[in-house]
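> just need the structure, nothing else, for what follows:
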Amino acid sequence: QVQLVESGGGLVQPGGSLRLSCVLSGRTFSTYGMGWFRQAPGKEREFVAAVSWSSDYTQYAEFVKGRFTISRANAANTVYLQMHSLEPEDTGVYYCNAEYHGVPTPAGPGRDWGQGTQVTVSS
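Here you go, the predicted structure:
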């Protein structure tokens, strides 16, 4: 059974940066495409970014606008989301997502989810 554990969330001022991490255990990490989704209060969960197992393919939501970078370290079973120039609108719970032999997409997230990590952007 896949387990996903996120970390790295917190409170940051507008314009600041955070790096989220997600560790996958229970299965072979390199057989999963990985993604990040987020959910703001009162809103539906939305796609943020995804990366293929080999890192040769990445996809980002339009609102990322070059501010976020998704990456992975297969030797460490970890996927990262580096976030810069954070805005109050980026506030929400960020969820790690895994798709077996595929890549999470905005319309089709993977089956496995982490518990989420809270990101709050506020002065």
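> buried set for stretch 19-31?
20-24, 29 (16 or more other C-beta atoms under 10 Å). Glycine gets a C-beta too; all of them are placed from N, C-alpha and C.
> reformat those as JSON lines; add secondary structure and pLDDT.
Output for those, formatted as JSON lines (DSSP: H, G, I helix; E, B strand; the rest coil; pLDDT from 0 to 100):
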{"residue": "20", "secondary structure": "strand", "pLDDT": "98"}
{"residue": "21", "secondary structure": "strand", "pLDDT": "98"}
{"residue": "22", "secondary structure": "strand", "pLDDT": "98"}
{"residue": "23", "secondary structure": "strand", "pLDDT": "98"}
{"residue": "24", "secondary structure": "strand", "pLDDT": "97"}
{"residue": "29", "secondary structure": "helix", "pLDDT": "95"}
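> and of those residues, the nearest to residue 114?
residue 22 (5.8 Å; C-beta to C-beta).
> next, the contact list for the closest one, please.
4-7, 34, 36, 78-80, 96, 114 (C-beta atoms under 8 Å, 6 or more residues apart in numbering).
> that one bridge partners, please.
residue 6, residue 79 (DSSP bridges).
> tell me who's in contact with the residue positioned nearest the centre of the chain.
Centroid-nearest residue in the chain: residue 36, 2.4 Å away (criterion: C-alpha atoms, centre = their mean). Counting by C-beta under 8 Å, 6+ apart, residue 36 touches 20, 22, 48-50, 70, 79, 81, 94-97.
> am I right that it sits in a strand?
Yes - under DSSP: H, G, I helix; E, B strand; the rest coil, residue 36 sits within a strand.
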